[in-house]
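Trainee: I'd like to go over a predicted model; first the sequence, then the structure.
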Amino acid sequence: MRTPIIAGNWKMFKTIAEAKAFAAEAKAGNNTSGVQKVICAPFTALAALTEALAGTDIAVGAQNMHFAEQGAYTGEVSASMLKEIGVEYVILGHSERRQYFNETDETVNQKVVAALAADLVPIVCVGESLEQREAGETANVVRTQTEGAFAGLTAEQVAKAIIAYEPIWAIGTGKSSTAEDANETIAIIRSVVAERFGQETAEAVRIQYGGSVKPENIASYMAQPDIDGALVGGASLAADSYLQLVAGAQQQ
Ligand SMILES: O=C(CO)COP(=O)(O)O
């Protein structure tokens, strides 16, 4: 049995004060067990958030990092810097980073290697655009992205990672994928992991769905056999909504 994981991706939202207010509310209402909880916040709020959530089962994640350990990379942050302030997860290869910041399968791969070396859990995002879906390329796109992200890794390393399948057309649009369609693509991703890293790894790796997930639809995704949780943008910004998502993931 894979433990479900609900990760919030705050994107470029929340000041330190707002993050602390969320943490206080989430701590007070956090009474769900059996679900892994992660909040991925902007860099500036990470230290305050790890401090505010210390002693709880809500972990903190970043939304990006550089692959080098240190160096002349103005504006960048390394895995060990995140680790030092108590961060445990890092989102890598989100479609917004691929689209606006030139993230490629190669840089995602370098970042996955660096994250694992620093003992951070990478949440690796894959997913097709509307154009690619309509052209029937979904399976090829997620295959290439998955193979690219994990190139050169061992089965043991891959088993530690989380994959998030986020169809780009479903992100922030209110147009979520049907649970059945999401499960079908996630099953393809799992079969790619099986081909490359073996059946045992494919059965161990957690694969989330992301794209307009809300408290009202979380249960339908969690009811699918291959969906192990969700990576949630908008509906993770309010503590009560985030906790409802977590509760929805526990029901199954
Ligand atoms: O991009 C996402 C999470 O990484 C999804 O965002 P929404 O949940 O706001 O659609």
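Mentor: Received the coordinates, thanks. Bear in mind that the values here come from a model prediction, so they are computed numbers and not experimental data.
Trainee: next structured bit after the helix or strand of the chain with the lowest mean pLDDT?
Mentor: Lowest on mean pLDDT, DSSP states H and E among the helices and strands of the chain sits helix 130-134, with a mean of 94. Next helix or strand after helix 130-134 toward the C-terminus (DSSP states H and E): helix 138-149.
Trainee: which helices and strands does that following helix pack with?
Mentor: helix 105-117, strand 121-126, helix 179-197 (3 or more C-beta pairs under 8 Å, 6 or more residues apart in numbering; DSSP states H and E). Backbone N, C-alpha and C define where each C-beta goes, glycine included.
Trainee: Name the residues of it that are buried.
Mentor: 138, 141-143, 145-146, 148-149 (16 or more other C-beta atoms under 10 Å).
Trainee: Could you give the bridge partners of Leu92?
Mentor: Assessed by DSSP bridges, Leu92 has beta-bridge partners Val124.
Trainee: Report the contact partners of the residue lying closest to Lys11 once chain neighbours are set aside.
Mentor: Spatially, and ignoring its direct neighbours in sequence, Lys11 is nearest to Gly233 (6.0 Å; C-beta to C-beta, 6 or more residues apart in numbering). Taking C-beta atoms under 8 Å, 6 or more residues apart in numbering, we find Gly233 in contact with 8-11, 171-172, 210.
Trainee: And Ala117, by the same measure?
Mentor: When contacts are counted by C-beta under 8 Å, 6+ apart, Ala117 touches Ala79.
Trainee: how close does it sit to the ligand?
Mentor: Distance of Ala117 to the ligand, computed by C-beta to the nearest ligand atom, to the nearest Å: 24 Å.
Trainee: From Ala114, how far out is the residue nearest to Lys11?
Mentor: Distance from Gly233 to Ala114, counting by C-beta to C-beta, to the nearest Å: 25 Å.
Trainee: if we can go back for a sec, let's see the least confident helix or strand of the chain as PDB, backbone CA atoms only.
Mentor: Output in PDB follows, covering the C-alpha atoms of helix 130-134 (Å, rounded to 0.1, in the frame of the first residue of the first chain):
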ATOM      1  CA  LEU A 130      -3.700  20.900 -24.700                       C
ATOM      2  CA  GLU A 131      -2.200  20.900 -28.100                       C
ATOM      3  CA  GLN A 132      -0.200  17.800 -27.400                       C
ATOM      4  CA  ARG A 133      -3.300  16.100 -25.900                       C
ATOM      5  CA  GLU A 134      -5.400  16.900 -29.000                       C
END
